[in-house]
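K.L.:
model the structure of this input:
(one chain, ligands or ions: 1)
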Amino acid sequence: MKKKGLVILAMFIISDLEAQKRELITLSQEEFEEIEATTTELYRDLDRVTPGKEGAPPSDAIILFDGSSLDKWQKTFFEYSGSMAEYHEWLPSLKEGPYVTAPADWKLEEGDLVVVPGTGHLMTKELFGDVQLHIEWLTPKDTTKKSQDYSNSGIFLMGLYEIQILNSFDNETYSNGQAGAIYKQHIPLVNATKPPGNWQEFDIIFSAPKFSNSGNVLNPARITVFHNGVLIQNNVYLTGPTCYIGQAYYVKHPEKLPILLQNHGNPVRFRNIWVRKL
Ligand code: MG
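P.N.:
Predicted structure coming up:
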């Protein structure tokens, strides 16, 4: 009985395909040209970008750190302590940048940017909204450390939305706080971490949240992340700034803000940081 049903179904599909074929074949030349004209884009000369060779940035990238200086960075104008209540205190009154603070005070060591515990976070002088960001980082081996204290840092898009940096190779912690997590909002799809002491890469695509004049969220922030070439966050929606304490929710803020690197008291190293405005 089942077999008979399958045969009838197959005959139906074949006859349907045949009907579609006949329909296409019977198009007149004029009809064909009309369809072609409505589905073909006129040629447009797109902006040219030359891809970088062997890990080098593409031609339209803004270089944020290439090992030569900390000129593109400065100290932050606020201290992230992880509380949603704290964001709510200063974010609504934040004016459009640029924001001028004090020179960056992390170490430049053998061409690497190194976190100096106790000095505070760093942020870019330039402001960004939607971006493609490439960043390389290294979590030093230190067996005296564990969980969130083992090489913790982070990349905060717009100073508010954190992609976690941590040694997550051999170090247990809560899943939405491991390397590549959108902190406390999205667990990475897989763990693509290398052992501590190795250079690792994040390639990030970030869409900034869009707000109405009255402060309603028109589009939430979205993030895609590749960790060492492996997709770990696939266009995930954020529920607000990433925070340690409190339920995240959106607070309207300027359209462009700095990119922030977190000082969590661990000597994490960075190199080859570049960004493309989208
Ligand atoms: Mg962190």
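K.L.:
I'd say Arg271 and Leu113 touch.
P.N.:
Yes: with contact defined as Cβ atoms under 8 Å, Arg271 counts as touching Leu113 (6.8 Å). Quick note: C-beta positions are derived from backbone N, CA and C, even for glycine.
K.L.:
shared neighbours of those two, anything?
P.N.:
Common contact partners of Arg271 and Leu113 (Cβ atoms under 8 Å, 6 or more residues apart in numbering): Phe65.
K.L.:
so where is the stretch 51-200 of the chain shaky, pLDDT-wise?
P.N.:
Scanning the stretch 51-200 of the chain for pLDDT under 70 picks out 81.
K.L.:
how many neighbours does Ile232 have?
P.N.:
24 (other Cβ atoms under 10 Å).
K.L.:
pop the domain breakdown of the protein in here.
P.N.:
2-44, 62-277 (automatic domain parsing).
K.L.:
what's stretch 271-278 in contact with?
P.N.:
The contact list for stretch 271-278, computed with Cβ under 8 Å, 6+ apart, reads 55, 57-58, 60-67, 111-113, 128-138, 199, 205, 207, 259.
K.L.:
give me phi/psi at Glu30?
P.N.:
Note on Glu30: backbone dihedrals following degrees, to the nearest 10 are phi -60, psi -40.
K.L.:
how close does it get to Ala37?
P.N.:
From Glu30 across to Ala37, the span is 11 Å (Cβ to Cβ, to the nearest Å).
K.L.:
what's the closest non-adjacent residue to the residue in the stretch 51-200 of the chain that the ion sits nearest to?
P.N.:
The stretch 51-200 of the chain approaches the ion most closely through Gly154 (3.2 Å), counting by Cβ to the ion. Computed as Cβ to Cβ, 6 or more residues apart in numbering, the closest residue to Gly154 that is not its neighbour in sequence is Gln262, at 3.9 Å.
K.L.:
so what's the residue count around Leu70?
P.N.:
Residues near Leu70, counting by other Cβ under 10 Å: 16.
K.L.:
who are the contact partners of it?
P.N.:
103-104, 106, 108, 113, 122.
K.L.:
one step back: now, the contacts of stretch 271-278 that are in strands?
P.N.:
62-65, 112-113, 131-138, 199, 205, 207 (DSSP state E).
K.L.:
returning to that earlier point: possible to save the contacts of Leu70 as CSV with secondary structure, distance to the ion and neighbour count?
P.N.:
Shown next, in CSV, are these (DSSP: H, G, I helix; E, B strand; the rest coil; distance: Cβ to the ion, whole Å; neighbours: other Cβ atoms under 10 Å):
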residue, secondary structure, distance to the ion, neighbour count
Pro103, strand, 23, 9
Ala104, coil, 18, 24
Trp106, coil, 15, 24
Leu108, strand, 22, 14
Leu113, strand, 16, 24
Leu122, strand, 13, 26
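K.L.:
next, give me the two most distant ones among these.
P.N.:
Spatial extent of these (Cβ to Cβ) is set by the pair Pro103 and Leu113 at 13.5 Å.
K.L.:
hang on, the earlier thing: among the domains of the chain, show me which one is buried the most.
P.N.:
Among those, domain 62-277 has the highest mean neighbour count (mean count of other Cβ atoms under 10 Å), at a mean of 18.
K.L.:
now do the end-to-end distance for that one.
P.N.:
8 Å (Cα to Cα, to the nearest Å).
K.L.:
next one: stretch 78-97
P.N.:
14 Å.
K.L.:
what are the ranges of the strands in the stretch 101-250 of the chain?
P.N.:
107-109, 112-114, 122-124, 131-138, 153-157, 161-165, 199-207, 210-211, 217-219, 222-227, 230-237 (DSSP state E, counting those that start in this stretch).
K.L.:
now the angle from the fifth one to strand 222-227?
P.N.:
The directions of strand 153-157 and strand 222-227 differ by 140 degrees, with axes from the mean of the first three to the mean of the last three Cα atoms, to 10 degrees as the criterion.
K.L.:
middle-most residue in the chain, spatially?
P.N.:
Residue closest to the average C-alpha location in the chain (Cα atoms, centre = their mean): Ile204, at 3.3 Å.
K.L.:
quick check: closest non-adjacent residue to that one.
P.N.:
The shortest distance from Ile204 to any non-neighbouring residue, by Cβ to Cβ, 6+ apart, is to Leu133 (4.4 Å).
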